[in-house]
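S.K.: Sequence below, structure please.
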Amino acid sequence: MGELTHSIHSRAGFEERESLVLRLKEKDETAFTEAFQLYKDLIFNLSISMLADKSEAMDITQEVFLTLYRKIHRFRGECSLKTWLYRVALNQVSNRNRWWRRRFQHRTISLSLNGTSDEKKTVDLISDHPQPDRQLLSLEVRKALREGMDHLPFEQRAAVTLRDMHELSYQEISDVLGVHVGTVKSRIARGRNSLRALLKPYWGRGAV
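M.R.: The predicted model follows:
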């Protein structure tokens, strides 16, 4: 009975999302309000995880929903609407990332986490021995983590962020990034290994 109920609810949820997409394509203003309420936090949190700038994250969130309004007719349903919006958001983040690095290429800047709970979560997940009751990271370790995330190639950073901070499945990340699941796993492994290597000196010192 439980499996049947779950199946019915899953189907109902799918039909509701399908109906929402149809209404969006018809330029139903109520549908856009519903989509905004459903996905705005996901998009904002992804943006701020990647850029650690509230103003930039708000701008990207606005751009994503403007894109939804202007280009929903291009959505063909090959993936979920949420996946499509994640994809649009990451494209926006990538553009901002390149712009900032070109503009400030001779300065040291941080486009990573600013001591948020997501930062602590990332360290727990990349540690070989995560401790749920670990206290706040030292400022030194936070700085090292920020620099490490900043210097990861964008595709690795995106994969690690989607997996370790936003808890998407490998298949969902594959759909968002448009690459095979094996590629997703490889990017996450390489990104985590880079961060582990950077933070290795701190594990034995009890800094985390």
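S.K.: got the domain boundaries for this structure?
M.R.: 1-111, 112-208 (automatic domain parsing).
S.K.: hey, least reliable of those domains by pLDDT?
M.R.: With a mean of 76, domain 112-208 has the lowest mean pLDDT of the domains of the chain.
S.K.: C-terminal to the helix or strand encompassing Phe36, what's the next element?
M.R.: In the assignment (DSSP states H and E), Phe36 maps to helix 29-51. Counting by DSSP H and E, the next helix or strand C-terminal to helix 29-51 is helix 54-71.
S.K.: who does that next one touch, helix- and strand-wise?
M.R.: Helix 54-71 sits against helix 29-51, helix 81-103, with contacts defined as 3 or more Cβ pairs under 8 Å, 6 or more residues apart in numbering; DSSP states H and E. All C-beta atoms are positioned from the backbone trio N, CA, C, and that covers glycine.
S.K.: Can you check what angle separates it from helix 29-51?
M.R.: Interaxial angle of helix 54-71 relative to helix 29-51 (axes from the mean of the first three to the mean of the last three Cα atoms, to 10 degrees): 140 degrees.
S.K.: Need the residues that contact helix 54-71.
M.R.: The contact list for helix 54-71 (Cβ atoms under 8 Å, 6 or more residues apart in numbering) reads 24, 32, 35-36, 40, 43-44, 47-48, 51, 85, 88-89, 92-93, 96.
S.K.: farthest pair in those?
M.R.: Leu24 and Leu51 (26.6 Å; Cβ to Cβ).
S.K.: what about these two, which has more around it?
M.R.: For Leu24 and Leu51, the more surrounded residue by other Cβ atoms under 10 Å is Leu51, and the numbers stand at 23 against 19.
S.K.: distance of that one from Ser186?
M.R.: If you measure Leu51 against Ser186 using Cβ to Cβ, to the nearest Å, the figure is 24 Å.
S.K.: Arg196 too?
M.R.: To Ser186, Arg196 is 16 Å away according to Cβ to Cβ.
S.K.: Then Gln62?
M.R.: Taking Cβ to Cβ, one finds Gln62 at 33 Å from Ser186.
S.K.: for Phe36, same thing?
M.R.: Counting by Cβ to Cβ, the gap from Phe36 to Ser186 is 35 Å.
S.K.: Then Lys200?
M.R.: Counting by Cβ to Cβ, the gap from Lys200 to Ser186 is 21 Å.
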